[in-house]
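1. I need the structure of the sequence given here:
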Amino acid sequence: MPWVKGQSGNPEGGRLKARRFATILERALIQEDLKAEEDHRVRKGIEKILDKIAEGDLASFQTLADRSDGKPAQSVTLAGDPENPLQLVERRVVKAK
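-> I've put the predicted structure just below:
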């Protein structure tokens, strides 16, 4: 798809990455259904994560939420030091002849 002025070159952004993880996880679970129960590594790993969450491990909960829902957009606040204020730099792109 060619680039069009005014449109994002990556309209799906980070959503594809989050969805890719979910797709891989779903495929692994389907493949495990075909194996013997003692070979269900993915399910055992998920159960360990859920056990940690049940014990109150917020980092595990946050990791699971980030992977399943995608990370929320983060904001950045720029603030200068009153004694050393931020300096603005202007950049210009000039065509070479």
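
2. Can you pull the poorly scored residue ranges out of the chain?
-> Under the criterion of pLDDT under 70, the regions of the chain flagged as low confidence span 1-3, 8-19, 69-72.

3. residue boundaries of the helices in it?
-> Here the chain has its helices, by DSSP state H, at 15-33, 41-54, 58-69.

4. can you list these in CSV and add mean neighbour count and distance to residue 82?
-> C-beta coordinates here come from the backbone N, C-alpha and C atoms, glycine included. As requested, the helices of the chain are exported to CSV (neighbours: other C-beta atoms under 10 Å; distance: least, C-beta to C-beta, whole Å):
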stretch, mean neighbour count, distance to residue 82
helix 15-33, 12, 40
helix 41-54, 13, 44
helix 58-69, 13, 35
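
5. Out of those, the one nearest residue 97 is which?
-> When the helices of the chain are compared by C-beta to C-beta, helix 15-33 sits nearest residue 97, at 40.5 Å.

6. now the angle from the closest one to helix 58-69?
-> Regarding helix 15-33 and helix 58-69, their directions subtend 100 degrees when assessed with axes from the mean of the first three to the mean of the last three C-alpha atoms, to 10 degrees.

7. and helix 15-33, how far from the chain's centre?
-> Relative to its chain's centre, helix 15-33 lies at 14 Å (C-alpha atoms, centre = their mean, to the nearest Å).
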